[in-house]
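Enquirer: sharing a model that was predicted from the sequence below.
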Amino acid sequence: MRKFLAFLYGALAYALFLVAFVYAIGFVGNLLVPRSVDIGPVVPTGVALAIDAALLMLFAVQHSGMARPGFKHWWTRIVPVEIERSTYVLVASAVLLLLFGYWRPLPAVIWSVQAPVAAAVLWGVFALGWLIVFLSTLMIGHFELFGLKQVWTNLRDRMSTSEHFRTPGLYRFVRHPIMLGFLIAFWATPTMTAGHLLFAVATTGYILLAVQLEERDLIARHGDSYRRYRQEVPAFVPLGRPARGASRAEVQAGD
């Protein structure tokens, strides 16, 4: 019964992640959602900045802090190992939904692309960014990344083994394709408002900081294998052919 409850918990956490992920697309793109980066109660600029900054800070601290090995070591003294990742996913998704619900728009327009063809191209790039995010999670173990594999193997009385350090698909060209997809999706918009710009700048800054912390952990875990990979493969911008060593490297998913 305990293992079944753990599996149910993991499945519910994954379902909440799916809700948050789909809503994130609508939130950033102002698509089919009641509250988005540009849709919601308008308050004085100073108040909106304070609220939005607090929400972004809360997400950054939670998302990166709970992913650090030191926190996991302490946290798994309280939370069973098999549901540690599901708990991380659950809390991260809840914080994201909190951000979506309480975000306050800053409607001043920074730029607006009126040409239909150019706007369509930007929407296409926006969609490409989210596609890169999703495909990248599949390449490194989508269900392990979001906790389902751990609770499933626990339910079946099997040991959950971590993937070796590997570089499948897009990881042969850039070290952080998930983050690259987010950067593309957050910046590709026909209409950039002050609120959207705040969101894009803040999340870009967070991504640049978070990958430094993640790579520090990966170096501590994989040593020279990751150091070589880091030397051969760029972080975000694919430059030419994949490095030879990248296809032979063995890598594990990050945050």
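Expert: Sure thing, it's come through. Numbering: from 1, shown residues only.

Enquirer: ok, which stretches of the stretch 1-150 of the chain are helices?
Expert: Here the stretch 1-150 of the chain has its helices, by DSSP state H, counting those that start in this stretch, at 2-29, 45-65, 69-75, 84-102, 116-139, 142-145, 148-155.

Enquirer: kindly format the C-alpha coordinates of the fourth one as PDB.
Expert: Only the C-alpha atoms of helix 84-102 are listed here, as PDB (Å, rounded to 0.1, in the frame of the first residue of the first chain):
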ATOM      1  CA  GLU A  84      12.100  13.000  -3.700                       C
ATOM      2  CA  ARG A  85      11.900  13.900  -7.400                       C
ATOM      3  CA  SER A  86       8.100  13.900  -7.400                       C
ATOM      4  CA  THR A  87       8.100  16.300  -4.500                       C
ATOM      5  CA  TYR A  88      10.500  18.600  -6.300                       C
ATOM      6  CA  VAL A  89       8.200  18.500  -9.300                       C
ATOM      7  CA  LEU A  90       5.100  19.100  -7.200                       C
ATOM      8  CA  VAL A  91       6.500  22.100  -5.400                       C
ATOM      9  CA  ALA A  92       8.000  23.600  -8.600                       C
ATOM     10  CA  SER A  93       4.700  23.200 -10.400                       C
ATOM     11  CA  ALA A  94       2.800  24.800  -7.500                       C
ATOM     12  CA  VAL A  95       5.200  27.700  -7.400                       C
ATOM     13  CA  LEU A  96       4.800  28.200 -11.200                       C
ATOM     14  CA  LEU A  97       1.000  28.200 -10.900                       C
ATOM     15  CA  LEU A  98       1.200  30.700  -8.100                       C
ATOM     16  CA  LEU A  99       3.300  32.900 -10.300                       C
ATOM     17  CA  PHE A 100       0.800  32.600 -13.200                       C
ATOM     18  CA  GLY A 101      -2.100  33.400 -10.900                       C
ATOM     19  CA  TYR A 102      -0.600  36.400  -9.100                       C
END
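
Enquirer: ok and it relative to helix 148-155, angle-wise?
Expert: 140 degrees (axes from the mean of the first three to the mean of the last three CA atoms, to 10 degrees).

Enquirer: that older thread, let's have the helices of the stretch 1-150 of the chain in JSON lines, adding mean neighbour count.
Expert: C-beta here means a position set from N, CA and C on the backbone, and glycine is covered the same way. Output for the helices of the stretch 1-150 of the chain, formatted as JSON lines (neighbours: other CB atoms under 10 Å):
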{"stretch": "helix 2-29", "mean neighbour count": "17"}
{"stretch": "helix 45-65", "mean neighbour count": "15"}
{"stretch": "helix 69-75", "mean neighbour count": "12"}
{"stretch": "helix 84-102", "mean neighbour count": "19"}
{"stretch": "helix 116-139", "mean neighbour count": "16"}
{"stretch": "helix 142-145", "mean neighbour count": "18"}
{"stretch": "helix 148-155", "mean neighbour count": "20"}
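
Enquirer: appreciated, that's everything.
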